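>>> model this:
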Amino acid sequence: MNSKTLTRADLSEAVFREVGLSRTESADLVESVLENIASHLVAGETVKLSSFGSFSVRQKGGRIGRNPKTGEEVPISPRRVLTFRPSHVLKDNVNKALSGNGQDTAATPE
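This is a model prediction of the structure:
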């Protein structure tokens with residue numbers, strides 16, 4: 001499996017190549033999209049990207065945790081956590097890529 005990380009610079013370069021904007025405009029566009037997504041998540045809204053997935057914020061209540069090293073009980077304060085649910089399209093594409101030949105072997109009739 002490839003362990004390369006996709007970065008903002010990679011996204012900007014892809015926009016530059018595919019759309020034809022200048023490198024600066026491409027970087028500004030990527031940054032604007034990411035800032036827009038982040039601001040909606042901070043406001044507690046769900047962000048749905050068609051054929052990709054949904055980002056949402058969940059509220060987790062406070063609870064008592066335990067330090068695994070000492071066994072001491074430690075209070076864990078309430079917090080908000082970010083969750084991502086991939087779309088079925090994304091899941092299917094990932095699974096097809098993992099099958100090696102681009103075809104879903106489970107759906108192949110015999």
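>>> Now do the same contact list for Leu82.
Listed by Cβ atoms under 8 Å, 6 or more residues apart in numbering, the contact set of Leu82 reads 41, 55-57. (Each C-beta comes from the backbone N, C-alpha and C, glycine too.)
>>> Next, work out how far apart it and Arg17 are.
For Leu82, the distance to Arg17 equals 30 Å [Cβ to Cβ, to the nearest Å].
>>> do Asp28 as well
According to Cβ to Cβ, Asp28 and Arg17 sit 16 Å apart.
>>> So the two - more neighbours on which side?
Under the neighbour definition other Cβ atoms under 10 Å, Asp28 and Arg17 were set side by side, and Asp28 has more, 14 against 10.
>>> Starting from the longest helix seen in the chain, tell me the next helix or strand along the chain.
As assigned by DSSP state H, the longest helix anywhere in the chain is helix 23-42. Remark: after helix 23-42, the chain's next helix or strand is strand 47-49, criterion DSSP states H and E.
>>> Which element is encountered next along the chain beyond that following strand?
Next in sequence after strand 47-49, counting helices and strands by DSSP H and E, comes strand 53-60.
>>> mind giving me JSON lines with the contacts of Leu82 and columns for pLDDT?
Below are the contacts of Leu82 laid out as JSON lines (pLDDT from 0 to 100):
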{"residue": "Leu41", "pLDDT": "97"}
{"residue": "Phe55", "pLDDT": "97"}
{"residue": "Ser56", "pLDDT": "97"}
{"residue": "Val57", "pLDDT": "96"}
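>>> How about Leu11: what's its closest non-neighbour residue?
Among residues not flanking Leu11 along the chain, Val30 sits closest, at 4.7 Å (Cβ to Cβ, 6 or more residues apart in numbering).
>>> how many neighbours does the one you found have?
What Val30 shows, counting by other Cβ under 10 Å, is a neighbour count of 19.
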